[in-house]
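Participant: sharing a model prediction with you, sequence too.
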Amino acid sequence: MFSLAVLISGNGSNLQVIIDKCAAGEIRAKVCCVISNEQDAYGLERARIAGIPIHVLSHRDYSSRTQYDLELAALLETCDADLIVLAGFMRILGEGFIDRFPNRIINLHPSLLPKYKGLDTHARVLKAGEDTHGASVHLVTPDLDSGPVIAQASIAVTDVDSVETLQERVHGLEHEILPRAVGWFADHRIKIEGDRVFLDDMPINRLKSK
Ligand code: GRF
């Protein structure tokens, strides 16, 4: 069966949605391991409850980013996952790491990429007076938050929105688009050619409104 390694740093609500959808057969895949760089990430408890092997690899135990990446890559190779899902994993991975898993890493990002790469997206969206905001799932490439987009969803930003309300509303979008994208991979519906992504042989940028 198609297997997933899910990397987290915190609460793991997106991980939970994936676990639940795999259990319900809505995603035809299984989570083979959950890895966190934070020992107290609640997502680890979620994985434990679901009987999924967990690993903690703290970046604080490594003197360099390269050393950390090497160790993480070695651990992932033992998991032998078909797809590596960064679901709130708050570490930047280096090019050497990414090159070891070509077209097999996806990331969840709380903005409508290519807008608002990086951190503090909700505050920046409010400050800029944007009228729409959202979430993206994209393929991980060496440039931060810049790989081809696989799935996106948006919301209207209103006058009463705050960082907290945007966070909550965008989280709701993430819980829809991440499992959807993972399901596409699990069903072998995604093809990648260079920096172009196809769903059922259709370029994905033409499907954004769906
Ligand atoms: C998400 O908002 C994601 O976009 C951000 O971290 C959060 C993870 O949420 N990078 P959770 O841990 O899945 O609840």
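Facilitator: Nice, I can see it.
Participant: quick one: L113 from V140, how far?
Facilitator: 12 Å (C-beta to C-beta, to the nearest Å). (Each C-beta comes from the backbone N, C-alpha and C, glycine too.)
Participant: and N205, how far from L199?
Facilitator: For N205, the distance to L199 equals 10 Å [C-beta to C-beta].
Participant: now do the strands in this structure.
Facilitator: With DSSP state E as the criterion, the chain has strands at 3-8, 30-36, 54-56, 83-86, 105-109, 132-139, 149-156, 190-193, 196-199, 202-203.
Participant: can I get those in TSV including mean pLDDT and mean neighbour count?
Facilitator: Listed next are these as TSV, based on pLDDT from 0 to 100; neighbours: other C-beta atoms under 10 Å:
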stretch	mean pLDDT	mean neighbour count
strand 3-8	98	25
strand 30-36	98	22
strand 54-56	98	16
strand 83-86	98	24
strand 105-109	98	23
strand 132-139	97	23
strand 149-156	97	19
strand 190-193	96	15
strand 196-199	95	17
strand 202-203	95	12
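Participant: of these, which is nearest A123?
Facilitator: Nearest of the strands of the chain to A123, taken as C-beta to C-beta: strand 132-139 at 11.1 Å.
Participant: of all residues in the protein, which one is closest to the ligand?
Facilitator: G88 (2.6 Å; C-beta to the nearest ligand atom).
Participant: mind checking pLDDT for that residue?
Facilitator: Note on G88: pLDDT of 97.
Participant: which stretches of this structure form helices?
Facilitator: Per DSSP state H, the chain carries helices over the ranges 13-23, 42-49, 65-79, 95-100, 121-128, 163-186.
Participant: okay, those, which one's buried deepest?
Facilitator: Mean neighbours per residue, mean count of other C-beta atoms under 10 Å, is largest over the helices of the chain for helix 13-23, with a mean of 21.
Participant: that one to helix 163-186, inter-axis angle?
Facilitator: 30 degrees (axes from the mean of the first three to the mean of the last three C-alpha atoms, to 10 degrees).
Participant: which elements pack onto helix 13-23?
Facilitator: strand 3-8, strand 30-36, helix 42-49, helix 163-186 (3 or more C-beta pairs under 8 Å, 6 or more residues apart in numbering; DSSP states H and E).
Participant: excluding its own residues, what touches the last one? List them.
Facilitator: Contacts to helix 163-186, defined as C-beta atoms under 8 Å, 6 or more residues apart in numbering, come from residues 2, 4, 13-14, 17-18, 21, 26-29, 82-83, 85, 87, 106, 108, 110, 122-123, 125-126, 133-137, 150-155, 157, 161, 190, 199.
Participant: what about it, average pLDDT?
Facilitator: Rounded mean pLDDT across helix 163-186 is 98.
Participant: phi and psi next, for the residue lying farthest from the centre of the chain.
Facilitator: Distance from the centre of the chain peaks at D159, with 28.9 Å (C-alpha atoms, centre = their mean). Main-chain dihedrals, D159, degrees, to the nearest 10: phi -60, psi -30.
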